[in-house]
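Q: Next one to model:
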Amino acid sequence: MAISTGATRNWNAWHFAALVGGNTALALGPWFVRLTDAGPVSAGFWRLVLAVPLLAGMALVSKQRLTGYRPAVWWAILGAGLFFALDLGTWHVGIHYTRMGNATLFGNAGSLVVMAWGMVALRRWPRGKEWLAFGMALLGTAILLGRSLEIDRATLIGDLLCLTAGLLYAGYILLLQRPRASLGNWALLTWSSMVGAPILLTIALSLGEPFWPSQWWPLLGLALLSQVIGQGLLIFSLRHFSALVFGLALLCQPAIAVTVGWLAFGEVLGLPDFLGMAMVAGALALARSTQE
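A: Residues are numbered from 1 along each chain as shown. As a prediction, the model looks like this:
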């Protein structure tokens, strides 16, 4: 996931392909989390550790400095790394207990929180489409949580964990808002991953999770697609599109996740599920559109 910081809107077919490709890569993350035989929090650790060398390499190639920051920036990075680690750990656990479409939607709930925080910071009431976004999000979430409770209480717990992860991701975004203005995305991803990895390691070991996988390919796929390729393609494409288009492209993620959940795990959705997902997805797109 990445947050748009403004768009020149001079895009071509390659930029659009990168936008769709980035969302597709991120949507496959939950599938790899379920496939690994390491624990869910351990998978978050390996996702970060395996990606750090590539992220640092991309920062250096992009001529983004990795040292020499002001103390305030280091503190922001430390706080963001903590939020990022807790986000990943909570989300990865939630993925095992709910449907893939729900996990993807709720994991992206940070956009709504960032929109709400912006209104608090500006001390103003929501406006037209912001009210609509909140209303759609609440109603759609209620439908999805109710459907999960009908299936199994564990599924509801999975939804709530993924929602919590979305809130934690919003904290990560907000803490890096100021550093992002002067530092590169690759540098910030490198450091947030380096800070988050030991936190996830500590949590995984304290929980007694399976730590060493017997097969590495799911974790390699998770690190490459979710942490490097997905983020990289979105970073490449985001400056070429408005926040509204960027938000609408986000809707690719739940659509792909639902398809993978159906094909790989036999997750069948009913009409109420599709209605709830459409409402939450629409709310996320509207929330992105307010971040122009």
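
Q: The stretch 1-150 of the chain: helices as residue ranges?
A: All helices of the stretch 1-150 of the chain, identified by DSSP state H, counting those that start in this stretch, fall at 13-27, 29-35, 40-61, 71-95, 100-107, 110-122, 128-151.

Q: Deepest in the core, which of those helices is it.
A: Mean neighbours per residue, mean count of other C-beta atoms under 10 Å, is largest over the helices of the stretch 1-150 of the chain for helix 100-107, with a mean of 30. For the C-beta atoms, the positions are set from N, CA and C on the backbone; glycine is no exception.

Q: Check which helices and strands that one sits against.
A: Helices and strands touching helix 100-107, as assessed by 3 or more C-beta pairs under 8 Å, 6 or more residues apart in numbering; DSSP states H and E, comprise helix 29-35, helix 71-95, helix 128-151, helix 153-175, helix 252-265, helix 271-289.

Q: Give me the neighbour count for L224.
A: 18 (other C-beta atoms under 10 Å).

Q: ok, now which ones touch it?
A: For L224, the contact set (C-beta atoms under 8 Å, 6 or more residues apart in numbering) comprises L50, A51, L54.

Q: Correct me if wrong: the last one contacts Q231.
A: No. Judged on C-beta atoms under 8 Å, L54 makes no contact with Q231 at a distance of 10.4 Å.

Q: Redo the contacts of L224 as TSV? Include distance to A142 and pLDDT.
A: Listed next are the contacts of L224 as TSV, based on distance: C-beta to C-beta, whole Å; pLDDT from 0 to 100:
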residue	distance to A142	pLDDT
L50	38	97
A51	36	95
L54	40	94
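
Q: between the residues you listed, which is nearest M115?
A: Using C-beta to C-beta, A51 comes nearest to M115 of those, at 28.3 Å.

Q: From W212, how far out is W75?
A: 34 Å (C-beta to C-beta, to the nearest Å).

Q: before we move on, what about F236?
A: 34 Å.

Q: So for these two, which sits in the more crowded spot?
A: Set side by side, F236 and W212 show more neighbours around F236, with 17 against 9, by other C-beta under 10 Å.

Q: which ones are touching the nearest residue to the more buried one once chain neighbours are set aside?
A: Once flanking residues are discounted, F236 sits nearest to A18: 5.1 Å by C-beta to C-beta, 6 or more residues apart in numbering. For A18, the contact set (C-beta under 8 Å, 6+ apart) comprises L233, L234, F236, S237.

Q: three-state assignment of the nearest residue to A51 once chain neighbours are set aside?
A: Counting by C-beta to C-beta, 6+ apart, Q227 is the residue found nearest to A51 once chain neighbours are left out, at 3.7 Å. Secondary structure, DSSP: H, G, I helix; E, B strand; the rest coil: Q227 is helix.

Q: Give me the number of neighbouring residues for Q227.
A: Neighbour tally, Q227, other C-beta under 10 Å: 24.

Q: do the same with R65
A: Neighbours of R65 under the rule other C-beta under 10 Å: 12.

Q: Now it. Nearest residue, chain neighbours left out?
A: Nearest one to R65, counting by C-beta to C-beta, 6+ apart, is A187 at 6.7 Å.

Q: Return the list of helices and strands in contact with the helix or strand that contains the one you found.
A: Using DSSP states H and E, A187 sits in helix 185-207. With contacts taken as 3+ C-beta pairs under 8 Å, 6+ apart, helix 185-207 sits against helix 40-61, helix 71-95, helix 230-238.

Q: Buried residues, it. List them.
A: 185-197, 199-201, 203-204 (16 or more other C-beta atoms under 10 Å).
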